[in-house]
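Asker: Kindly return the folded structure for what I paste below:
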Amino acid sequence: MDSSKKKTVDEVFETIGGFGKYQWIVATCGAYLSMICGMHVLTNFYTTIPYDVTCGDPTLGCQDADSPSLSDFCDQIDGMMALGWERSGHAKSFVMEQDGCINSWIRPAVNSAFFIGWFIGGFSCGRLADKFGRYTLSLVLLYLGGGICMLSSLSTDPIVYILFKVAHGIAIGGLTLVSYIYTVEAAHAQNQSAVGTLVLASFSVGLALLVPLAYSIPHWGRFNRVVGLFCIPGSVWYFFMSESPRWLVANNKLEEAESVLRRIAFYNKRSYPTDTVLHVEVAGEKLGFVNIFDKCVRMRTLVMGISWMTCSFVYYGLNFASGNLGGDLYVNSLIMSVVEIPACIAQGSTVEWRTLGRKYSTIGGLFIGGLGCGFYFFLDLMELGSLGRVLAFIGKMGITASYATVYIWGAELFPTDVRSSAMGFCTSCARIGGLLGPILAPFSFSMALFAIVAGAAGFLCYSLPETRGKSTPESLAALSRESNTAAERRQKSREVSIAAEDEPPVSLKDKCE
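Answerer: Residues are numbered from 1 along each chain as shown. A predicted model of the protein is given here:
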């Protein structure tokens, strides 16, 4: 008689170690890749910095306190130069080399091109990861991202450079998504939020490191090459890692999954349970993108998509608005990046609180981000810029915490067999927000818009379930059955309540007798 026990991946992890040496290797790799992605995302912000307009000769009538905008300078360039105004800047950006007045369209075009590529990468690579696995795809995307970034430094034509940035966005957008899913899936469900926090905090570290790097390497071409070189060390970790066991089980590759789990047990110095047979409910048909809109996950997909779009819209909008807050661009950018780190660390704690969890950490972050942007808008109207900047930084902390939480919450809301497709959809939605945020950031009403959108998304998140302390669903079929069971319980509860209401009231005398 066969005494083997059918177990899920999480149940096996309880025996072989849910966060041992192997998971640390994967987590440090994921953290490094996340740091690289953070650096690549805002590379274009520094390589397309426009000229500053400064007073070169005050004797001609100019004063730094009355410095005109670049657009005003370009519209009246001869008159402005006659008054002593001149174009200057620490950076030697691609836009400056192309003449910042004639080709002022390059900056928004390059940033938009990158996020369009990110949109394509998030959507397509999520589906590719579900079909072909996470391990090999993330390694390919790592090399592509670094290589394309370095090759773009050879371009001197704006159109060619923009095309490079579309390809760059595809690679980095796909890498951000696939590497995150791969890293989180390597850990036990109870450790996934801690792993997710480490990975997302590393993204913020990458943003912070990029500021002094951009300041010390002002030339856009050399800067692109150096950022691209950071991808090479990331490949070292792949010699010690294997394919995601959750993906293997979800795709019914049980022998390969057992081999990987045995390797994890070896790394963690644990014994693999010999009486175990891996088990997962495999759907009768191959699941794909369309299945993320099945009845049991439709609401999760739509609300998560809106939440990701909102977080990205406000997050990147604030990053690109740092030059409009007053003061030095590099200082503002550094503060905007550094405040993310404590926000991610605090989020890593609050997501495990019983009173907050993933749900209310996301909602709270959205509300804080919205309030910070809203107060900045009104204080800026009252010309209280210094206090407004502080509130803008607080708003950035709130939206960062919310953005970090939706990664963890989203990964736990969707079953393994559609997780990459669902996360790919969410990432694509986020890229729409990331595309719109930088475009709208220069406008005076942008902060008010950020506040309204963040508040609305916070209210929508009330409709989703909490996932703290719950096992990650392995299949859509299992989640559907859980949803049906919960619906039946609610129906029975309503029937009992209706029956109780129909019963005649019982007097106190009858109760005593």
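Asker: Distance-wise, check the residue nearest to Phe123 when sequence neighbours are not counted relative to Lys165.
Answerer: Nearest non-adjacent residue to Phe123, counting by C-beta to C-beta, 6 or more residues apart in numbering: Ser428, 4.1 Å away. C-beta here means a position set from N, CA and C on the backbone, and glycine is covered the same way. To Lys165, Ser428 is 18 Å away according to C-beta to C-beta, to the nearest Å.
Asker: Of these two, which one has the most company?
Answerer: Between Ser428 and Lys165, counted using other C-beta atoms under 10 Å, Lys165 has the larger neighbour count: 27 against 22.
Asker: Just confirm the more buried one is within a strand.
Answerer: No - using DSSP: H, G, I helix; E, B strand; the rest coil, the assignment for Lys165 is helix, not a strand.
Asker: Run through the stretch 151-300 of the chain and note the low-pLDDT ranges.
Answerer: Within the stretch 151-300 of the chain, the stretches with pLDDT under 70 are 276-289.
Asker: Run through the strands of it in chain order.
Answerer: Here the stretch 151-300 of the chain has its strands, by DSSP state E, counting those that start in this stretch, at 276-278.
Asker: so how many other residues sit close to the closest residue in space to Thr183 that isn't next to it in sequence?
Answerer: Sequence neighbours aside, Gly30 is the residue nearest to Thr183 in space, at 2.9 Å (criterion: C-beta to C-beta, 6+ apart). Look at Gly30: counted by other C-beta under 10 Å, it has 28 neighbours.
Asker: cool, and Met96?
Answerer: By other C-beta under 10 Å, the residues close to Met96 number 20.
Asker: try Lys269
Answerer: Residues near Lys269, counting by other C-beta under 10 Å, number 10.
Asker: For it, give me its contacts.
Answerer: The contact partners of Lys269, by C-beta atoms under 8 Å, 6 or more residues apart in numbering, come to 20-21.
Asker: Could you pull up phi and psi at it?
Answerer: Note on Lys269: backbone dihedrals following degrees, to the nearest 10 are phi 60, psi 50.
Asker: Ok, Ala441 next?
Answerer: Dihedral pair for Ala441: phi -50, psi -40, per degrees, to the nearest 10.
Asker: circling back to that earlier point, could you check how far the residue nearest to Phe123 is from Phe230?
Answerer: Counting by C-beta to C-beta, the separation of Ser428 from Phe230 is 25 Å.
Asker: my read: Cys311 touches Val406, true?
Answerer: Yes - Cys311 lies in contact with Val406 (C-beta atoms under 8 Å); the separation is 6.0 Å.
Asker: Please identify which of these two sits among more neighbours.
Answerer: Using other C-beta under 10 Å, the more surrounded residue of Cys311 and Val406 is Cys311, with 31 against 26.
Asker: Where does the more buried one fall, secondary structure wise?
Answerer: Cys311 belongs to helix 298-320 when assigned by DSSP states H and E.
Asker: List the buried residues in that helix.
Answerer: Within helix 298-320, the residues scored as buried using 16 or more other C-beta atoms under 10 Å are 300-320.
Asker: swap in stretch 343-363?
Answerer: For stretch 343-363, burial by neighbour count (16+ other C-beta under 10 Å) applies to 343-344, 346-348, 350-352, 356-363.
Asker: ends of that stretch, how far apart?
Answerer: Terminal residues of stretch 343-363 are spaced 14 Å apart (C-alpha to C-alpha, to the nearest Å).
Asker: what separates that stretch from the chain centre, distance-wise?
Answerer: Distance, stretch centre to chain centre, for stretch 343-363: 16 Å (C-alpha atoms, centre = their mean, to the nearest Å).
Asker: distance between stretch 46-62 and the chain's centre?
Answerer: In terms of C-alpha atoms, centre = their mean, the centre of stretch 46-62 is found 36 Å from the chain centre.
Asker: Ends of that stretch, what's the gap?
Answerer: The first and last residues of stretch 46-62 sit 28 Å apart, counting by C-alpha to C-alpha.
Asker: Let's test this: mean pLDDT of that stretch, rounded?
Answerer: The pLDDT scores in stretch 46-62 average 73.
Asker: just stretch 447-461 next, same as before
Answerer: 92.
Asker: And the closest residue to Lys92 other than its chain neighbours, how close does it get to Arg225?
Answerer: Sequence neighbours aside, His219 is the residue nearest to Lys92 in space, at 4.7 Å (criterion: C-beta to C-beta, 6+ apart). The spacing between His219 and Arg225, counted by C-beta to C-beta, is 10 Å.
Asker: Look at these two and report which has more neighbours.
Answerer: Arg225 (18 against 15).
Asker: Tell me where the stretch 351-500 of the chain is predicted with low confidence.
Answerer: Checking the stretch 351-500 of the chain against pLDDT under 70 turns up 383-385, 471-474, 478, 480-500.
Asker: And the helix or strand where Val390 lies, what's buried?
Answerer: Assigned by DSSP H and E, Val390 belongs to helix 385-413. Buried residues in helix 385-413, counted by 16+ other C-beta under 10 Å: 388-389, 391-413.
Asker: now swap in stretch 454-466 and tell me
Answerer: Across stretch 454-466, burial judged by 16+ other C-beta under 10 Å covers 454-455, 457-458, 460-461, 464.
Asker: Could I get the contacting residues of the closest residue in space to Ile335 that isn't next to it in sequence?
Answerer: Distance criterion C-beta to C-beta, 6+ apart; nearest residue to Ile335, sequence neighbours excluded, is Phe393 at 5.8 Å. Counting by C-beta under 8 Å, 6+ apart, Phe393 touches 335-336, 339, 372.
Asker: hmm, 7 Å instead?
Answerer: Neighbouring residues of Phe393 by C-beta atoms under 7 Å, 6 or more residues apart in numbering: 335-336, 339.
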